[in-house]
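Novice: I'll drop the sequence and a predicted model, then ask my questions.
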Amino acid sequence: MHELILHTIENPLNGILPDFSFGGAEFTALWQKLIAALWAIGILVAIGYLIFGIVAMSGASGETNPNPQAHSQGRRKAVWAGIALAALAGLAIIVGAVLTFAAPAAPPAAAALTHATATI
């Protein structure tokens, strides 16, 4: 009979959490402003594409010269721009949800200890 021996490898990142304050308060304020500016630019670009898609749809649906192919292309642009705009608008919630679900679960003893100290 053959025996199966399983070896487990310890997680080298267990207990290590990211710390974004490595450059000091000025650097933290700078990269947060930079991320906020890039986020705002992304939202403005998505709004621009949404407007262009809606204009292309309305121009292709005219009474004098209807163009179904151009309408379809404009609709596709508007739909993707709307999806991008929704994702950018909810970016903080999306990132927070991913980090919440990706966080390692607390061991039962730690959870019981937290509950015990909260009831005291």
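Specialist: Yes, it's here.
Novice: all contacts plus neighbour counts: C-alpha atoms, from now on.
Specialist: Will do.
Novice: in the protein, which helix is the longest?
Specialist: Determined from DSSP state H, the single longest helix within the chain is helix 24-60.
Novice: after it comes which helix or strand?
Specialist: helix 68-89 (DSSP states H and E).
Novice: identify the residues contacting that next one?
Specialist: 39, 42-43, 46-47, 49-61, 94 (Cα atoms under 8 Å, 6 or more residues apart in numbering).
Novice: flag every buried residue along that helix.
Specialist: Going by neighbour count (16 or more other Cα atoms under 10 Å), the buried part of helix 68-89 is 70-71, 74-79, 81-82, 84-85, 88.
Novice: again, but for stretch 27-43
Specialist: Neighbour-count burial for stretch 27-43 flags 42-43 (criterion: 16+ other Cα under 10 Å).
Novice: off-centre distance for it?
Specialist: 15 Å (Cα atoms, centre = their mean, to the nearest Å).
Novice: next: stretch 74-91.
Specialist: Distance, centroid of stretch 74-91 to centroid of chain: 14 Å (Cα atoms, centre = their mean).
Novice: repeat for stretch 79-98
Specialist: Stretch 79-98 sits 6 Å away from the centroid of its parent chain (Cα atoms, centre = their mean).
Novice: check stretch 9-29 too.
Specialist: Worked out by Cα atoms, centre = their mean, stretch 9-29 lies 20 Å from the chain centre.
Novice: looking at it now, give me its mean pLDDT.
Specialist: For stretch 9-29, mean pLDDT rounds to 81.
Novice: ok, Ala60 touching Pro66?
Specialist: Yes: Ala60 lies in contact with Pro66 (Cα atoms under 8 Å); the separation is 5.4 Å.
Novice: of those two, who's got more company?
Specialist: Set side by side, Ala60 and Pro66 show more neighbours around Ala60, with 20 against 13, by other Cα atoms under 10 Å.
Novice: low pLDDT regions in the chain?
Specialist: Along the chain, segments meeting pLDDT under 70 span 1, 4, 104-120.
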